[in-house]
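**Q** predicted model and sequence follow; I will ask about them next.
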Amino acid sequence: EPEVTQTPSHQVTQMGQEVILRCVPISNHLYFYWYRQILGQKVEFLVSFYNNEISEKSEIFDDQFSVERPDGSNFTLKIRSTKLEDSAMYFCASRLQVYGGSNQPQHFGDGTRLSIL
Amino acid sequence: AQKVTQAQTEISVVEKEDVTLDCVYETRDTTYYLFWYKQPPSGELVFLIRRNSFDEQNEISGRYSWNFQKSTSSFNFTITASQVVDSAVYFCALSEATSGGSNYKLTFGKGTLLTVNP
């Protein structure tokens, strides 16, 4: 069964450094998402991406964050200057678009655990 | 704004017991979707079930069943004959059809930690 792939599984970065989290969504999916989960807390929406542009972003997704689909397969989340509070598990998800159909479930990758020192 | 409440923070059962996880949601949309996801100790998020707001038929799938009641805005999830491998955090999630067009972002509850003891 096709799956969403995220790399790396764990990233340790010094505060203030830039970090790029990578995701390969399921190949025929058209909607892409990033979520984060601070340890022990709920999963929070960051941003959604469709047709090569952001379709919605949360208040968490400030100017330090950006997303990109540099080629036909990868979907990246960049944090320009990391802060301690950015430490969390970051999940990428993708969803199939069914025209005229109902909302298809989002399929999640295994996550990248980001630790800011 | 959409909101999901999972009042049960932790549940502990003995293997083979049935367990029901509660979920209450808030939305102003008439069309919305409800989901259950499982997060085992390894950390990944696994899609379990989805329900549309216009389909209140409750179903059973193997050991899983769900009870969707629009009148009480509840979407409860039951595991029958629980097993140790069911131990995980279970998240209920909601997406609104009108959220950002067809964006369908997910709003999660805080999760319920289910521990199934042998």
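**A** Nice, thanks for sending it over.

**Q** who's the one residue sitting closest to the centre of chain A bridged to?
**A** The structure's chain A has its C-alpha centroid closest to residue A:34; by Cα atoms, centre = their mean the separation is 2.7 Å. Per DSSP bridges, the residues bridged to residue A:34 are residue A:47, residue A:92.

**Q** touching, it and residue A:94? I think so.
**A** No - counting by Cβ atoms under 8 Å, residue A:34 does not reach residue A:94; the two are 10.7 Å apart. Where you see a C-beta, it was placed from the backbone N, CA and C, and this is true even at glycine.

**Q** so what's the residue nearest to the centre of chain A up against?
**A** For residue A:34, the contact set (Cβ atoms under 8 Å, 6 or more residues apart in numbering or on different chains) comprises A:21, A:23, A:46-47, A:67, A:77, A:90-93.

**Q** closest to chain B among these?
**A** residue A:91 (6.1 Å; Cβ to the nearest Cβ).

**Q** tell me, how many residues neighbour that closest one?
**A** By the criterion of other Cβ atoms under 10 Å in any protein chain shown, residue A:91 has 27 neighbours.

**Q** spit out the contact partners of it.
**A** A:6, A:34-37, A:43, A:108-109, A:111, B:45.

**Q** change it to 6 Å
**A** Taking Cβ atoms under 6 Å, 6 or more residues apart in numbering or on different chains as the contact definition, residue A:91 lies against A:35, A:108, A:111.

**Q** okay, the second one and chain B: tell me how far apart.
**A** Same thing as residue A:108. Taking Cβ to the nearest Cβ, to the nearest Å as the measure, residue A:108 falls 4 Å from chain B.

**Q** the nearest residue to residue B:18 once chain neighbours are set aside: neighbour count?
**A** Once flanking residues are discounted, residue B:18 sits nearest to residue B:80: 4.8 Å by Cβ to Cβ, 6 or more residues apart in numbering or on different chains. Using other Cβ under 10 Å, residue B:80 has 14 other residues around it.

**Q** again with the one 10 residues further on
**A** Neighbour count of residue B:90, defined by other Cβ under 10 Å: 24.

**Q** ok, now residue A:2?
**A** 11.

**Q** who's in contact with the nearest residue to it once chain neighbours are set aside?
**A** Leaving aside its sequence neighbours, residue A:2 sits nearest to residue A:26 (Cβ to Cβ, 6+ apart; 4.6 Å). Shown in contact with residue A:26 (Cβ under 6 Å, 6+ apart): A:2, A:4, A:94.

**Q** ok, what's across the strand from residue B:49?
**A** Under the criterion used (DSSP bridges), residue B:49 bridges to residue B:36.

**Q** which of the three states applies to the residue nearest to residue A:2?
**A** coil (DSSP: H, G, I helix; E, B strand; the rest coil).
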